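**Student:** Here is a sequence with its predicted model. Questions after.
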Amino acid sequence: MSTIIDVENTYTSGVYGKRQIAIVRGKGALLWDVDGHEYIDCAGGHGVANIGHGRTEIAAVLAAQAQRLITCPEIFYNDIRARLLERLAQITPESITNFFLCNSGTEAVEGALKFARLVTGRIGIVATLRGFHGRTMGALSTTWDPHYREPFTPLIPGVTHIRYNNLEAAQSAITEETAAVIIELVQGEGGVHVAHEGYVRELTSLCRERGALLIVDEVQTGFGRTGRLFACEHYGLQPDILCLAKSLAGGVPMGVIGLGPHVMESGRITKGAHGSTFGGNPLACAAALATLDIIRQEKLVERAVALGEYTLQRLQEMRSPLIREVRGRGLLIGIELNRRVQPYLEALCERRILALSAGPNVLRLLPPLVITEEQLKHTLDVIEELLVHPKTQNASCAGNSLRDKSDPYILQ
Ligand SMILES: Cc1ncc(COP(=O)(O)O)c(C=O)c1O
């Protein structure tokens, strides 16, 4: 009989670099493979699993909603959607009053870019070095990594990438032709770089001054991940457009474009300007409402603060020649190594811990916010064993040096 891995390898598209484990079940921050091995999940479904795996509350609302109504395009009104829209208006930054519902992060960004062009009548989009905003053509144009972009050129015109946290670069790039600036407040995929407060403040003023909209991409940072419900709250930031997805609906695909007054009061949002068949379907809306309840009831935002502080402190105390820097906010944490990270991810996996990379040399931890203290402590003990006591490390970690000269992430 073929194994799961053989079958996937035979029929999958081939675009993913897969790890050699077949995950079949999850509970909280634990995952189990087909052979019954237990893993601590610090990959968190790429930031989707904030409320943890195997949530019976989500299963129950999905089952109930599925029996009542699964699909209902937005040409009709719907009770569950109305409740979610109202809830989103209550919890997102004050500037965000209206919402376009979609199905993924890239779609949220794609729509945000369209709204920005529609509303301003301008073409230019300013994005940042190391920024990641998705893989569809518009979003991909704003994603920075040349490996992702270059095979698909020409992408949409008018996109410039500027240095992150560099005000001078922003001053020269944002002009009267700029429709929008798009930014992550913590760059997730690009190495876990946190935006400086002064930078965000000045960037916002520059956008206002020059009539450009500020799009904040909180696809990864949203819903408690950074120790606030939205990372905007760290900065008192009122974006013009807010992109959300990943953990919003507890694992069910869903994205949101939050829209502020510069969009809504422009008078340029016309019927038919944008749309999505699945967007705002009652099934995803029901899952999102239940997810938001869980985040509030279980105080997961506060949990991300406490566990994030503990994690950062422990990592910062680790004295290792392999560690260049530890960065992060809440439970979005990056350990920059002076080595390529891949062998360390493999070594962690052998020790039954799943983690992510963020660029070639940053080990990223993105656990469910429900991870227990014991699970987190064990994860950090294992990281310490690998990075601080390398005599016990996996042989594949040895002698793995960074290609500093050729790697764009390391040079930028
Ligand atoms: C900040 C950010 N924006 C957009 C995306 C794209 O989201 P999706 O994979 O749901 O299309 C991601 C995915 O990692 C992300 O981290």
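**Tutor:** Received it, and whenever you're ready, just let me know what you need. Given the structure is predicted, the values throughout are model-derived calculations rather than measurements.

**Student:** isn't residue 33 right next to residue 39, touching?
**Tutor:** Yes - applying Cβ atoms under 8 Å, one finds residue 33 in contact with residue 39, separated by 7.0 Å. C-beta coordinates here come from the backbone N, C-alpha and C atoms, glycine included.

**Student:** neighbour count winner among those two?
**Tutor:** Counting neighbours by other Cβ atoms under 10 Å for residue 33 and for residue 39 shows that residue 39 has the greater number, 20 against 16.

**Student:** That one: what secondary structure?
**Tutor:** strand (DSSP: H, G, I helix; E, B strand; the rest coil).

**Student:** could you list every residue that touches it?
**Tutor:** Residues near residue 39 by Cβ atoms under 8 Å, 6 or more residues apart in numbering: 21, 23, 30, 31, 32, 33, 349, 352, 353, 354.

**Student:** Restricted to helices, list those.
**Tutor:** Counting by DSSP state H, the contacts of residue 39 place residue 349 in helices.

**Student:** can you put the contacts of residue 39 in TSV and add pLDDT?
**Tutor:** Shown next, in TSV, are those (pLDDT from 0 to 100):
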residue	pLDDT
21	96
23	98
30	98
31	98
32	98
33	98
349	98
352	98
353	98
354	98
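
**Student:** Out of the contacts of residue 39, which is nearest to residue 217?
**Tutor:** residue 354 (24.4 Å; Cβ to Cβ).

**Student:** how close does that closest one sit to residue 382?
**Tutor:** Note on residue 354: its distance to residue 382, by Cβ to Cβ, to the nearest Å, is 12 Å.

**Student:** what's the overlap in contacts for those two?
**Tutor:** residue 348.

**Student:** Quick one: name the residues of the stretch 101-250 of the chain near the ligand.
**Tutor:** Applying Cβ under 6 Å from any ligand atom, one finds that the stretch 101-250 of the chain approaches the ligand through 104-106, 109, 132-134, 184, 188-189, 217, 219-220, 245.

**Student:** pLDDT below threshold where in the stretch 301-412 of the chain?
**Tutor:** Within the stretch 301-412 of the chain, the segments meeting pLDDT under 70 span 391-412.

**Student:** Tell me where it has helices.
**Tutor:** Assigned by DSSP state H, counting those that start in this stretch, the stretch 301-412 of the chain shows helices spanning 342-350, 373-387, 408-411.

**Student:** So for the ligand, which of the ones you listed sits nearest?
**Tutor:** Closest to the ligand of the helices of the stretch 301-412 of the chain, according to Cβ to the nearest ligand atom: helix 408-411, at 15.4 Å.

**Student:** ok, whichever residue of the stretch 101-250 of the chain sits closest to the ligand - how many residues close by?
**Tutor:** Closest contact between the stretch 101-250 of the chain and the ligand, by Cβ to the nearest ligand atom, is at residue 105 (2.2 Å). Neighbours of residue 105 under the rule other Cβ under 10 Å: 31.

**Student:** Could you measure from it over to residue 248?
**Tutor:** When residue 105 is compared with residue 248 (using Cβ to Cβ), they lie 10 Å apart.

**Student:** so what's in contact with those two at the same time?
**Tutor:** Common neighbours of residue 105 and residue 248 (Cβ under 8 Å, 6+ apart) are residue 255.

**Student:** Chain neighbours aside, what residue packs nearest to residue 219?
**Tutor:** residue 105 (3.6 Å; Cβ to Cβ, 6 or more residues apart in numbering).

**Student:** In contact with the one you found: list those residues for me.
**Tutor:** 133, 134, 139, 217, 219, 220, 243, 245, 246, 255.

**Student:** what's the answer for residue 172, then?
**Tutor:** Counting by Cβ under 8 Å, 6+ apart, residue 172 has no contacts.

**Student:** ok so it is a helix residue?
**Tutor:** Yes - assessed with three-state DSSP, residue 172 lies in a helix.

**Student:** From residue 117, how far out is it?
**Tutor:** To residue 117, residue 172 is 21 Å away according to Cβ to Cβ.

**Student:** how about low-confidence regions in the stretch 151-300 of the chain?
**Tutor:** For the stretch 151-300 of the chain, no range has pLDDT under 70.

**Student:** Strands of that one, start to end?
**Tutor:** In the stretch 151-300 of the chain, strands defined by DSSP state E, counting those that start in this stretch lie at 159-162, 178-183, 186-187, 193-194, 213-217, 241-244, 255-259, listed in chain order.
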